[in-house]
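*Asks:* Okay, sequence plus prediction incoming.
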Amino acid sequence: MKIFKDFKTYNNYIGVEPPLDEDIDVGYYDPPAMLLKSDPVMVDFYRISFKINLKNKLKPNAEPITAVFFNSPDMVVSEGWDVEPTYTGMYLQLSKKVINENRFLFKTYLDYGQHEALYLNDEEVDEIRAVFKLMQKYYESEKIHFSILLSYVNVLISLVEAFYKRQFSTDPKQYNIIVSDFQQSLVDYYTQPVNMLPTVQYFADKLGLTANYLGDILKHFTHKSALENIHEYIIKRAKELLNQNPEMNTAEIAYELGFEYPNYFSKFFKKWVGLSPKEYRLKHSAKF
């Protein structure tokens with residue numbers, strides 16, 4: 001597998017123009033002059049790739065797609081690629097330095113996987129093309145316009161965020177399945193002995209998704225973050241154990257739920273419920 005540390009070597013590999021800057025690279029695809037087939041690769045920077053009318057030879061029966069794809073450091077393009085030279089599109093490449101210094105401008109989908117693409121309609125493609133035209137203008141101008149370029153990058157990122165929300169809302173059935181599978185996985189987690197609290201990454205791996213993608217789907221459909229969903233279920237399970245197992249003390253319940261320290265469980269429970277586990281049990285038992 002080839003690993004690319006900078007824009008220049010990667011651009012040379014795929015056959016696009018050399019970058020004008022080491023931190024931001026903006027360009028257009030020219031498939032007839034590009035590498036159309038490759039083994040898996042990895043890049044040590046961030047890429048947002050807009051591909052229009054892309055036909056993948058690895059999926060011969062699939063219709064051409066117009067979509068946004070993401071690459072982030074340490075993410076492998078698992079299948080490589082083998083495409084027809086008929087697509088068009090644009091790309092934006094961002095160094096880790098730019099992301100780290102301006103993280104507040106960038107959203108979680110920069111770390112989405114290749115299989116979590118954003119599919120664009122014609123109107124959205126036109127909007128993105130318009131922003132890219134302005135980005136290209138300032139990218140090719142003097143370095144003093146770097147802040148303006150970065151502002152247009154932020155506009156582009158905001159458009160992608162809005163279009164993802166449209167995608168989630170347009171076909172809710174497939175995403176509701178993900179939400180249901182996540183909720184069932186939460187239930188299943190506690191059907192076996194555990195030695196740690198469940199994490200967002202655990203469920204993302206279970207569902208074959210990136211943690212950020214799963215989190216954004218849950219946020220869109222439940223209006224709560226993935227971690228909030230997990231914590232709510234832990235509290236629900238804790239209440240069940242406190243109510244139904246009077247022989248179990250607080251420490252035993254904490255370990256049953258995966259807490260390493262009973263004191264942390266007590267603080268966690270009180271933060272959510274307003275009562276300590278002991279107070280909650282006494283209040284509940286007083287009702288009977």
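*Replies:* That came through fine.
*Asks:* where does S49 fall, phi/psi-wise?
*Replies:* phi -120, psi 120 (degrees, to the nearest 10).
*Asks:* My understanding was that it contacts S72; is that so?
*Replies:* No: assessed by C-beta atoms under 8 Å, S49 is found out of contact with S72, at 12.0 Å. No exception for glycine: its C-beta is placed from N, CA and C like everyone else's.
*Asks:* strand partners of the helix or strand bottoming out on mean pLDDT in the chain, parallel vs antiparallel please.
*Replies:* Each helix and strand of the chain was given a mean pLDDT (mean pLDDT, DSSP states H and E); the minimum falls on strand 81-82 at a mean of 87. Partners of strand 81-82 in the sheet, by DSSP bridges, are strand 37-38 (antiparallel).
*Asks:* give me the element N12 is part of.
*Replies:* helix 7-14 (DSSP states H and E).
*Asks:* Would you mind pulling the contact partners of that helix?
*Replies:* Helix 7-14 is contacted from outside by 2, 4, 17-19, 22, 25, 27, 34-35, 38, 41, 43, 45, 93, 95, using C-beta atoms under 8 Å, 6 or more residues apart in numbering.
*Asks:* Just the ones of the residues you listed in strands?
*Replies:* 2, 4, 25, 27, 38, 41, 43, 93 (DSSP state E).
*Asks:* which of the residues in stretch 85-104 are buried?
*Replies:* 87-95, 98-99 (16 or more other C-beta atoms under 10 Å).
*Asks:* Out of the ones in strands among the contacts of helix 7-14, the closest to E79 would be?
*Replies:* Closest approach between those and E79, by C-beta to C-beta: S38, at 9.7 Å.
*Asks:* Show me where the chain dips below the pLDDT cut-off.
*Replies:* Within the chain, the stretches with pLDDT under 70 are 76-78, 107-109, 142-144, 286-288.
*Asks:* May I ask you to name the longest helix in it?
*Replies:* Secondary structure assigned by DSSP state H gives helix 146-170 as the longest helix of the chain.
*Asks:* Show me what it is in contact with.
*Replies:* By C-beta under 8 Å, 6+ apart, helix 146-170 touches 21, 24, 26, 48, 68, 92, 94, 98, 102, 105-107, 109, 118-120, 124, 127-128, 131-132, 134-135, 138-139, 175, 216-217, 220-221.
*Asks:* Just the buried ones out of those residues, please.
*Replies:* Using 16+ other C-beta under 10 Å, the buried members of those are 24, 26, 48, 68, 92, 94, 98, 106-107, 109, 118, 120, 124, 128, 131-132, 135, 138-139, 175, 216-217, 220-221.
*Asks:* so what's F106 up against?
*Replies:* 94, 99, 157.
*Asks:* Same question for M248.
*Replies:* Contacts of M248 by C-beta under 8 Å, 6+ apart are 241, 256.
*Asks:* Shouldn't it be within a helix?
*Replies:* No: if the criterion is DSSP: H, G, I helix; E, B strand; the rest coil, then M248 is coil and not within a helix.
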